[in-house]
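[1] please find the sequence and the predicted model below.
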Amino acid sequence: MPGEDGQLEITFVGTATVLIRHAGGALLTDPNFLHRGEHAYLGYGLQSRRLTEPALQIHDLPPLDLVVLSHHHGDHFDRRAAAGLPRDLTIVTEPHAARTLR
């Protein structure tokens, strides 16, 4: 697997989503896997439409050790991430997002 030999590997998935692999571990930031044309809910009645396809799909990800979530909006943690990521995956985030995820 890339990243296991001590090399740092960074893959830009799209929007704020980045896969970082290093020393056999994998970290994902702000998981957004919506497809082009789908809408993300941003709060207060606002939404955005995804303009591009993500570089990876959830089923393409290696086993993840951790997700870092900057905040809880649909363009940083979407319905596909909520449905497709393991429920026992550790997510490091800010207090409001932690309450929302519970």
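    Arrived safely, thanks for sending.
[2] would you list every one of the strands in the chain?
    Chain-ordered strands for the chain, with DSSP state E as the definition, fall at 9-14, 17-22, 25-29, 39-43, 46-49, 66-69, 91-93.
[3] output these as a markdown table; include the columns mean pLDDT, mean neighbour count and distance to residue 79.
    The way it works is simple: take the backbone N, C-alpha and C, and place the C-beta from them, glycine included. Listed next are the strands of the chain as a markdown table, based on pLDDT from 0 to 100; neighbours: other Cβ atoms under 10 Å; distance: least, Cβ to Cβ, whole Å:
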| stretch | mean pLDDT | mean neighbour count | distance to residue 79 |
| --- | --- | --- | --- |
| strand 9-14 | 96 | 15 | 16 |
| strand 17-22 | 97 | 19 | 14 |
| strand 25-29 | 97 | 19 | 16 |
| strand 39-43 | 82 | 14 | 9 |
| strand 46-49 | 86 | 12 | 12 |
| strand 66-69 | 97 | 18 | 14 |
| strand 91-93 | 96 | 17 | 16 |
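[4] if we compare the ones you listed, which one ends up closest to residue 80?
    Residue 80 lies closest to strand 39-43 among the strands of the chain, at 10.1 Å (Cβ to Cβ).
[5] enumerate every residue touching the nearest residue to residue 91 once chain neighbours are set aside.
    The shortest distance from residue 91 to any non-neighbouring residue, by Cβ to Cβ, 6 or more residues apart in numbering, is to residue 67 (4.6 Å). Contacts here follow Cβ atoms under 8 Å, 6 or more residues apart in numbering; on that basis residue 67 touches 27-29, 31, 85, 89-92.
[6] now flag whichever of the residues you listed is closest to residue 72.
    Comparing the contacts of residue 67 against residue 72 with Cβ to Cβ picks out residue 91 as the nearest, at 9.9 Å.
[7] ok, now which ones touch the closest one?
    Contacts here follow Cβ under 8 Å, 6+ apart; on that basis residue 91 touches 66-69, 98, 101.
[8] closest to residue 56 out of those residues?
    Distance from residue 56 was checked for each of the contacts of residue 91 by Cβ to Cβ. The minimum falls on residue 67, at 14.1 Å.
[9] that's all I had, so thanks and see you.
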